[in-house]
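# What follows is a protein structure lacking sequence information:
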């Protein structure tokens, strides 16, 4: 089976809060010297694609929207075992909202052509709206399975699991389809090997422009609709933490229990 | 202007997330100057819940009751909501931000209707009739005000961001059925099975527990996590875990506390070996009292916790468990 994974590169979300800065004019995080990484759920989607590749003797293509600085993440995807990486780029793409991004990805996926499924992370690790995947399903007019953790081929169809309150649901569909992916024990992303990394650096990564995709950048997104951030701020945390004293762990434990009892918390 | 809110019911009770979304819709309608709130109630044999939605803030309830809606099927709910929006023609639609609504139904509906959507909101501001949606971004490290525009405003509301309204039996409103031929709807991604899993731990469930004990990366390995469970048993508490604990398999993902796991609000939350990443605190931050046990006094958790114990868990947990067992 041929899986296309849509991947977004973001500033490392593990940056600790005290180093996290925003640009209140540009309405986004300040890049600073922080590393760029594959957004976590997209990396999980790559893993799901690679597992499917192994089960079906298939292949995985990864597509990202972005400038030259996304090459590092594309190399990482290739080193994990992805067969083909594609970068689509135009200054207007970066400014597009989720509607516009879904249109760009849809055009790129149509250009790739022959595929069985499209995987997207359930949400990106920056603004976290979780819109591009479901929008893309609508753009491509594909059946959509949301927030699934794995894809099992079965009798010409596929089965997927989605976690619900009581346990999980088993979903079934025929190809082609789109799914948004969440993480569980079965899809922890593999590491890129050193050998894979060396090979990835030699891989050719096609770069497609708006023109290559037949897109008019002035008409990206929806008319009269623009999902945008109007204000961005870092909230103040006002909690005063009372530290429990004691020389030893046992003393601290005793004091904690006393405190909790006094406050009628236990 | 009118506000429609979506209430998908699958078992005997109306889910709290739906009552919270209804409360958000009520507050929004009032902020807009006393607009009407309609609630779409969908499920199988659910009409009896209509009256309780009126009591909790709806002015009218529109019911789509069908045997096929017994399981929570995003495709069917999408078809029903699309139909209801067409019938009711609301200006604003408020969903709970569940996996089903926030991750599937609402975004696809927005694309179909070619209209704006903001997901996972924790609040809103009304300024001269215009609505701005407030939501966390960057894993809770920042907050944003967002707008989307378009003919209908769609928004999904984060769990626990709003409290359900008190039931008020004096409120009046109609409950009416909406005829919709759901038999004719084909589902491209059907649910072929639902596997019910036993609860991984004895004791109360995460959603309802007054006390939750959670462990994180600092527990080091699976066998150490037993101590977290032991403390939970001693306190008759539910067991939770941060993302590293869930990814390592120490707790099942259904016990993950965080932005993409369970959002909880117990009376007491005890976090052990948890650094306090924003993604975790998005899930645990609503707890009334947070106790952190962590060896690193600079860990962000101590900026969110009310009570802190700075020490290795190895030194604190065994005497803490003994102390509580003696009670």
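Here it is on my side, so go on. All values reported here derive from a predicted model rather than from experimental measurement.
# Work out for me the element residue B:315 sits within.
Element membership of residue B:315 [criterion: DSSP states H and E] is helix B:313-325.
# do that helix and chain A meet?
Yes: under the criterion of CB under 8 Å from any CB of the partner chain, helix B:313-325 makes contact with chain A via B:314-320, B:322-324. C-betas here are computed from N, CA, C, even on glycine.
# Over to the closest residue to residue B:259 other than its chain neighbours. Which of the three states is it?
Excluding the flanking residues, the one nearest residue B:259 by CB to CB, 6 or more residues apart in numbering or on different chains is residue B:282, at 3.8 Å. Following DSSP: H, G, I helix; E, B strand; the rest coil, we place residue B:282 in the helix state.
# Any idea how many residues pack against whichever residue of chain A sits closest to chain B?
Chain B sits closest to residue A:249 of chain A, with a gap of 2.7 Å, by CB to the nearest CB. For residue A:249, the count of nearby residues is 20 (other CB atoms under 10 Å in any protein chain shown).
# How many residues are close by the closest residue in space to it that isn't next to it in sequence?
In this structure, residue A:249 finds its nearest non-sequential neighbour in residue B:315, 2.7 Å apart by CB to CB, 6+ apart. When neighbours are defined as other CB under 10 Å, residue B:315 has 19 of them.
# So residue B:315 sits against residue A:248, correct?
Yes: proximity of residue B:315 to residue A:248 meets the contact threshold set by CB atoms under 8 Å, at 6.9 Å.
# helix or strand for residue A:259, which one?
Using DSSP H and E, residue A:259 falls within helix A:249-262.
# now that helix: how far from the chain's centre is it?
Offset of helix A:249-262 from its chain centre (CA atoms, centre = their mean, to the nearest Å): 43 Å.
# just stretch B:210-225 next, same as before
From the chain centre to the centre of stretch B:210-225 is a distance of 23 Å (CA atoms, centre = their mean).
# and the gap between residue B:52 and chain A?
Between residue B:52 and chain A the computed distance is 20 Å (CB to the nearest CB, to the nearest Å).
# Please give the element, helix or strand, for that residue.
Assessed by DSSP H and E, residue B:52 sits inside helix B:50-55.
# Mind listing residues that contact that helix?
Identification of contacts with helix B:50-55 by CB atoms under 8 Å, 6 or more residues apart in numbering or on different chains yields B:7, B:14, B:22, B:39, B:41, B:60-61, B:63, B:167-169, B:171-173, B:175.
# buried subset of the residues you listed?
Among the contacts of helix B:50-55, those buried by neighbour count (16 or more other CB atoms under 10 Å in any protein chain shown) are B:7, B:14, B:22, B:39, B:41, B:60-61, B:63, B:173, B:175.
# Which one of those residues is nearest to residue A:19?
Nearest to residue A:19, judged by CB to CB, of the buried ones among the contacts of helix B:50-55 is residue B:22 at 40.0 Å.
# List of residues touching stretch A:152-166?
Residues outside stretch A:152-166 that contact it (CB under 8 Å, 6+ apart) are A:1, A:52, A:55-56, A:117, A:145-151, A:168-175, A:177, A:179, A:182, A:184, B:72, B:99, B:192, B:194, B:196-197, B:253-254.
# For it, list every residue counted as buried.
Under the neighbour-count criterion of 16+ other CB under 10 Å, stretch A:152-166 has A:158-165 buried.
# quick one: the helices in the stretch 1-150 of chain B?
Ranges of helices in the stretch 1-150 of chain B, per DSSP state H, counting those that start in this stretch, are B:16-31, B:50-55, B:74-88, B:99-100, B:106-113.
# Mind listing the residues bridging to the nearest residue in space to residue A:118 that is not next to it in sequence?
Among residues not flanking residue A:118 along the chain, residue A:178 sits closest, at 4.3 Å (CB to CB, 6+ apart). Going by DSSP bridges, residue A:178 is paired in beta bridges with residue A:118, residue A:144.
# what's the neighbour count on residue A:178?
Other residues within reach of residue A:178 by the criterion other CB under 10 Å amount to 26.
# Pretty sure residue A:132 is one of the things it touches, is it not?
No: using CB under 8 Å, residue A:178 is not in contact with residue A:132; the gap is 10.6 Å.
# Pop the domain breakdown of chain A in here.
According to automatic domain parsing, chain A comprises the domains A:2-219, A:236-266.
# about what we covered before: which one in the buried ones among the contacts of helix B:50-55 is the model shakiest on?
The lowest pLDDT within the buried ones among the contacts of helix B:50-55 belongs to residue B:14, with 94.
# Thought residue B:49 was touching that one, still the case?
Yes: with contact defined as CB under 8 Å, residue B:14 reaches residue B:49; the gap is 5.2 Å.
# how far is the helix holding residue B:315 from where the chain is centred?
Remark: helix B:313-325 is offset 33 Å from the chain centroid, using CA atoms, centre = their mean.
# Need the residues that contact that helix.
Helix B:313-325 is contacted from outside by A:248-250, A:252-254, A:256-257, A:266, B:218-219, B:224, B:227-228, B:230-231, B:234-235, B:272-273, B:293-295, B:309, using CB under 8 Å, 6+ apart.
# Name the residues of that helix that are buried.
B:313, B:315-321, B:323-324.
# Kindly report the same for stretch B:235-250.
Residues B:235, B:237-248, B:250 are the ones in stretch B:235-250 that count as buried (16+ other CB under 10 Å).
# swap in stretch B:93-113?
Neighbour counts over stretch B:93-113 (16+ other CB under 10 Å) mark B:93-111, B:113 as buried.
# So for it, first residue to last residue, what's the gap.
From its first residue to its last, stretch B:93-113 covers 12 Å (CA to CA, to the nearest Å).
# Show the average pLDDT along that stretch.
For stretch B:93-113, mean pLDDT rounds to 97.
# what pLDDT does residue 258 get?
The chain I'm using is chain A. At residue A:258, pLDDT is 95.
# nope, chain B
pLDDT at residue B:258 comes out at 91.
# just residue B:11 next, same as before
For residue B:11, pLDDT reads 75.
# Mind checking which residue lies nearest the centre of chain A?
Central residue of chain A (CA atoms, centre = their mean): residue A:42, 3.1 Å from the mean position.
# which secondary structure elements does the helix or strand where that residue lies contact?
Using DSSP H and E, residue A:42 maps to helix A:40-56. Helices and strands touching helix A:40-56, by 3 or more CB pairs under 8 Å, 6 or more residues apart in numbering or on different chains; DSSP states H and E, are strand A:2-7, strand A:59-65, helix A:71-80, strand A:117-121, strand A:151-154, strand A:177-181.
# Would you mind giving the ones you listed as JSON lines with mean pLDDT added?
Below are those laid out as JSON lines (pLDDT from 0 to 100):
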{"stretch": "strand A:2-7", "mean pLDDT": "98"}
{"stretch": "strand A:59-65", "mean pLDDT": "98"}
{"stretch": "helix A:71-80", "mean pLDDT": "97"}
{"stretch": "strand A:117-121", "mean pLDDT": "98"}
{"stretch": "strand A:151-154", "mean pLDDT": "96"}
{"stretch": "strand A:177-181", "mean pLDDT": "98"}
